[in-house]
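Enquirer: Let me see the structure of the following:
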Amino acid sequence: MKTGHRCRPYLSLSVLAVLLFAWVPLLAEVDEESLMRILGPQEPPFVPQHPIAIVGGTVIDATGAPPKLGHTVIIEGERITRVGPSESVDIPDGAQVIDAEGMTIMPGIINSNQHIQLNPLYPAPTADLPLDVLRARWEETFARMPHRAWVYLMQGVTSMRQTSGPSARILPVKKRIDSGELAGPRIFLGGALFMSRQHFEHYIEENNTPEDAVEWLRDEFAYNVLYDIEEGTDKYLGPEYNYWKLYMSDEEYDGENDFSDEELRYIIDKAHAHGKIIDVHAGPHNPGLRRMLDFDIDTLEHPFYGHVLIDEDVIQGYVDKNVIVDTLLRVMVTGAENFEDPHQFNETLFIMSMEPKEYRLLMRYRDKMLFNRKHPDQSGLPIYKSDRATLEGRSDGGDTFGISGPSYDMVQKRRAVSHENMRRFIRAGAKLSLGTDTPSFLNFQQEDPNATEYQQMVEEGLTPMDAVIAATRNGAEALGMADQLGTVEEGKLADVIVVSGNPLADLEALRRVYAVIKGGVRYK
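Expert: Sure, this is the predicted structure:
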């Protein structure tokens with residue numbers, strides 16, 4: 001039946017019950033126990049239990065169409081079944097009604113670069129630390145994966161691309177989410193980082209990785225070192241893997257440590273033959289990015305940050321090939337801002353989000369940053385890296401890793417380059433998808449990294465609508481799921497969020513996620 005009446009969830013239960021029984025005939029036969037079941041977020045198991053009507057909001061469907069005011073979205077089972085003007089939409093019997101007046105109804109956020117197994121102050125897997133210390137720290141992060149998945153969902157992320165990680169640890173969490181046991185985003189796995197033998201050997205040598213940690217590094221941190229290219233790729237042909245991530249040379253490029261052209265073509269052809277997406281981490285440097293234009297890749301990982309401006313003809317090459325580029329600029333910018341004002345680490349938000357020992361570690365980082373800021377002419381104290389001599393003699397195994405960190409001046413220069421690189425991609429018309437690499441080091445946007453990255457994209461030149469599309473529809477395309485996810489359209493999977501305000505006019509709106517629905521289940 002048709003109705004224009006909507007429940008307001010902030011009323012007391014007794015008053016709300018009176019209003020519902022008096023105003024909404026469709027609930028007239030619902031008893032109190034049933035009424036309790038259709039108010040607010042659902043309890044586990046997280047499977048669709050009743051229809052949902054999101055009534056009277058402004059729909060930004062992420063198709064590129066203008067916002068639609070006064071619209072209602074109907075969800076039945078796990079699908080969106082109706083989107084239209086509120087006065088013309090029938091609300092199903094027994095539906096939970098969400099009053100979205102003054103709010104925006106939009107697709108759930110799709111984060112193209114996110115992790116559930118990391119910690120904001122994670123120890124590097126290549127650390128020159130005792131193996132038992134590394135193992136203990138990683139076990140702590142693994143234990144937090146279900147909670148981290150829940151946090152991401154509460155921030156409005158309904159799908160995430162888990163950009164590498166130990167599948168043996170992550171897959172059970174994914175299965176518990178998929179079965180409805182746990183609350184979390186849809187997790188799309190890529191398995192381990194695909195790395196050439198020579199690249200891996202150079203990597204562990206450069207970082208002084210202890211010999212007894214090498215096997216652990218491959219297995220737990222998940223570097224898929226292709227000693228045997230056929231066997232190494234066969235491991236990731238299963239349906240649980242959505243994509244393969246090729247880890248090419250990082251900032252210093254000479255090409256000697258990467259896959260050969262023949263190896264690359266074998267890997268890419270095999271992936272595509274089995275329905276896998278090819279994701280590439282190559283850069284940021286011109287030779288590596290230019291080389292990959294010769295191959296049929298699908299997505300490119302955060303090529304903005306670094307100390308090298310990317311040539312505009314290289315960028316245009318990726319635009320012409322319709323390669324989707326995930327953003328991840330805010331991580332680097334935030335790192336630079338923390339250099340500028342490390343006192344922000346004292347904010348209550350950071351303190352509440354961390355264990356005491358993590359907070360003490362963060363304070364040590366802060367003090368090093370303050371020193372570097374006051375002495376910009378010096379090479380810079382190690383911020384998140386340290387040399388072997390620094391680690392020796394520490395009773396706690398050391399709080400830092402690797403080799404020396406950048407100076408304050410270098411951070412500022414890289415920040416400027418990162419900004420300009422992103423602007424170049426935007427000016428060229430690159431197809432961007434939102435990625436945060438949460439929770440990487442110095443990515444301390446605990447309140448909402450997605451909203452922060454969204455704001456950054458707009459500040460760099462995207463229109464707010466294009467930034468919404470980058471955070472939703474383009475992310476679905478990067479997953480090969482554009483026919484199922486990423487837009488608010490009839491027939492799509494019901495991954496929908498409601499935010500207070502209008503994100504096209506108010507860049508803070510994505511911080512105010514009022515309701516989260518994934519697969520027809522209301523979680524928030």
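Enquirer: can you pull the contacts of A192?
Expert: 164-167, 218, 222-224, 236 (CB atoms under 8 Å, 6 or more residues apart in numbering). Where C-beta positions appear, they are placed from N, C-alpha and C, glycine not excepted.
Enquirer: Out of the residues you listed, which is nearest to N286?
Expert: Nearest to N286 among those, counting by CB to CB, is S164 at 24.2 Å.
Enquirer: Give me the nearest residue to that closest one, chain neighbours excluded.
Expert: Sequence neighbours aside, L193 is the residue nearest to S164 in space, at 4.6 Å (criterion: CB to CB, 6 or more residues apart in numbering).
Enquirer: same check, this time on T487
Expert: That would be A62: by CB to CB, 6+ apart, it lies 4.7 Å from T487.
Enquirer: among the contacts of A192, who's most crowded?
Expert: Neighbour tally across the contacts of A192 (other CB atoms under 10 Å): the maximum, 26 neighbours, falls on S164.
Enquirer: residues of stretch 83-97 that come out buried?
Expert: 83-84, 86, 89, 91-92, 95-97 (16 or more other CB atoms under 10 Å).
Enquirer: Please identify which of those is nearest to D367.
Expert: Nearest to D367 among the buried residues of stretch 83-97 is Q96, at 50.4 Å by CB to CB.
Enquirer: What is the neighbour count of L504?
Expert: L504, neighbours per other CB under 10 Å, totals 19.
Enquirer: Apart from its chain neighbours, what residue comes closest to it?
Expert: P464 (4.3 Å).
Enquirer: follow-up on the earlier one: from the contacts of A192, which two are the most distant?
Expert: Every pair of the contacts of A192 checked by CB to CB; the farthest is R218 and Y236, at 14.1 Å.
Enquirer: Tell me the first helix or strand C-terminal of the longest helix seen in the chain.
Expert: In the chain, assigned by DSSP state H, the helix with the most residues is helix 408-428. Next along the chain after helix 408-428, taking DSSP states H and E as the criterion, comes strand 431-433.
Enquirer: The residue nearest to T487 contacts A482, correct?
Expert: No - at 10.7 Å, A62 and A482 do not qualify as touching, with contact defined as CB atoms under 8 Å.
Enquirer: Which of those two has more residues huddled nearby?
Expert: Counting neighbours by other CB under 10 Å for A62 and for A482 shows that A62 has the greater number, 23 against 15.
Enquirer: List the contacts of L237.
Expert: 274, 276.
Enquirer: per-residue confidence at it?
Expert: On the pLDDT scale, L237 is placed at 95.
Enquirer: do you know how far the residue nearest to T487 is from L434?
Expert: According to CB to CB, to the nearest Å, A62 stands 12 Å off from L434.
Enquirer: pLDDT of stretch 200-219, averaged?
Expert: Rounded mean pLDDT across stretch 200-219 is 72.
Enquirer: again, but for stretch 240-249
Expert: 90.
Enquirer: Then stretch 328-338?
Expert: For stretch 328-338, mean pLDDT rounds to 59.
Enquirer: same thing with stretch 151-168?
Expert: 90.
Enquirer: can you check stretch 421-435 too?
Expert: 96.
Enquirer: for stretch 274-294, same thing?
Expert: So the average pLDDT for stretch 274-294 ends up being 90.
Enquirer: Dump it to CSV, keeping only the CA atoms.
Expert: What follows is stretch 274-294, C-alpha atoms only, in CSV (Å, rounded to 0.1, in the frame of the first residue of the first chain):
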residue,chain,number,x,y,z
HIS,A,274,40.6,-17.4,-15.4
GLY,A,275,38.5,-14.2,-14.9
LYS,A,276,41.1,-12.5,-12.7
ILE,A,277,41.7,-8.7,-12.7
ILE,A,278,45.4,-7.6,-13.0
ASP,A,279,46.3,-4.9,-10.5
VAL,A,280,49.8,-3.4,-10.7
HIS,A,281,52.0,-1.5,-8.2
ALA,A,282,54.6,0.1,-10.4
GLY,A,283,56.1,3.3,-9.4
PRO,A,284,56.0,6.1,-8.9
HIS,A,285,58.6,6.5,-11.6
ASN,A,286,58.3,7.1,-15.3
PRO,A,287,60.3,4.1,-16.7
GLY,A,288,58.2,1.5,-14.7
LEU,A,289,54.9,3.1,-15.5
ARG,A,290,55.8,3.6,-19.1
ARG,A,291,56.8,0.0,-19.5
MET,A,292,53.5,-1.3,-18.1
LEU,A,293,51.6,0.5,-20.9
ASP,A,294,52.7,-2.3,-23.2
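Enquirer: Flag every buried residue along it.
Expert: The neighbour-count check on stretch 274-294 (16+ other CB under 10 Å) flags 276-285, 288-292 as buried.
Enquirer: helices or strands up against the longest helix of the chain?
Expert: Contact analysis of helix 408-428 by 3 or more CB pairs under 8 Å, 6 or more residues apart in numbering; DSSP states H and E lists helix 312-320, helix 329-340, helix 356-374, helix 449-460 as its packing neighbours.
Enquirer: That one versus helix 312-320: what angle between them?
Expert: Interaxial angle, helix 408-428 versus helix 312-320 (axes from the mean of the first three to the mean of the last three CA atoms, to 10 degrees): 50 degrees.
Enquirer: outside of stretch 285-300, which residues touch it?
Expert: 112, 243, 246, 248-249, 251-253, 255, 258, 261, 264-265, 268, 272, 277-280, 282-283, 303, 306, 308, 310-311, 314, 317-318, 321, 323-326, 433, 478.
Enquirer: go with 7 Å
Expert: Residues from elsewhere that reach stretch 285-300 (CB atoms under 7 Å, 6 or more residues apart in numbering): 248-249, 251, 253, 255, 264, 268, 277-280, 282-283, 303, 308, 310-311, 314, 317-318, 321, 323-326, 478.
Enquirer: Are any of the residues you listed buried, and if so which?
Expert: 248-249, 253, 264, 268, 277-280, 282-283, 303, 308, 310, 314, 317-318, 323-326, 478.
Enquirer: and the residues you listed, which of them are in strands?
Expert: Counting by DSSP state E, the buried ones among the contacts of stretch 285-300 place 277-280, 324-326 in strands.
Enquirer: Relative to R473, which of the residues you listed is nearest.
Expert: I324 (10.6 Å).
Enquirer: where's the closest one relative to E262, distance?
Expert: Taking CB to CB, one finds I324 at 26 Å from E262.
Enquirer: Run a quick neighbour tally on R79.
Expert: If you count neighbours by other CB under 10 Å, R79 ends up with 16.
Enquirer: How far does stretch 287-299 sit from its chain's centre?
Expert: 23 Å (CA atoms, centre = their mean, to the nearest Å).
Enquirer: quick one on the thing from earlier: select from the buried residues of stretch 83-97 every entry located in helices.
Expert: Among those, no member falls in helices (DSSP H).
Enquirer: still on that earlier bit, lowest average confidence across the helices and strands packed on helix 408-428, which one?
Expert: Among the helices and strands packed on helix 408-428, helix 329-340 scores lowest, with a mean of 57.
Enquirer: Contact partners for the residue lying closest to Y243 once chain neighbours are set aside?
Expert: Excluding the flanking residues, the one nearest Y243 by CB to CB, 6+ apart is I277, at 3.7 Å. Counting by CB under 7 Å, 6+ apart, I277 touches 242-243, 298-299, 480.
Enquirer: Just among those residues, which is most surrounded?
Expert: T299 (26 neighbours).
Enquirer: Dihedrals phi and psi, it?
Expert: For T299, the backbone dihedrals (degrees, to the nearest 10) come out as phi -140, psi 150.
Enquirer: do the one 10 residues further on as well
Expert: For L309, the backbone dihedrals (degrees, to the nearest 10) come out as phi -70, psi 130.
Enquirer: Please tell me how far it sits from N286.
Expert: 9 Å.
Enquirer: Next: F194.
Expert: 22 Å.
Enquirer: repeat for R473
Expert: In terms of CB to CB, R473 sits 30 Å off from N286.
Enquirer: so where do the strands sit in the stretch 1-150 of the chain?
Expert: 52-59, 68-76, 79-85, 96-99, 103-107, 109-114 (DSSP state E, counting those that start in this stretch).
Enquirer: Look at I517 and tell me its secondary structure.
Expert: The three-state assignment at I517 reads strand, by DSSP: H, G, I helix; E, B strand; the rest coil.
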